[in-house]
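My questions are about this predicted structure, shown below with the sequence.
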Amino acid sequence: MEDQTDLVTRWRYLRGLLIEQLDALESGALQMHSNEVNISIQAISKLKTNVAEFDALIARSQAR
């Protein structure tokens, strides 16, 4: 079973991958084609905000 340290380490790795891909989408280096999924700059910004909020949640949990 994973402990909190393992989960945080995994989250940081996955977070890094996600941020890299979102940055590439924003810059135009990566393009995504979709029929019905919103991949607009606003959607990318919202994902980045959600990641930052989750980071803050983890930080508060670790501070306890």
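Alright, I've got the coordinates.

need the contact list for residue 62.
4, 8 (Cβ atoms under 8 Å, 6 or more residues apart in numbering). C-betas here are computed from N, CA, C, even on glycine.

Distance of it relative to residue 8?
Distance, residue 62 to residue 8, by Cβ to Cβ, to the nearest Å: 7 Å.

Same check on residue 31?
32 Å.

and if you look at residue 22?
From residue 22 to residue 8 the distance is 20 Å (Cβ to Cβ).

Ok, residue 46 next?
On the measure of Cβ to Cβ, residue 46 and residue 8 end up 23 Å apart.

higher neighbour count, those two?
residue 8 (15 against 12; other Cβ atoms under 10 Å).

quick one: the more buried one and residue 27, what's the gap?
28 Å.

Ok, residue 52 next?
19 Å.

pLDDT score for residue 11?
Looking at residue 11, its pLDDT reads 86.

Right, I'll call it a day here.
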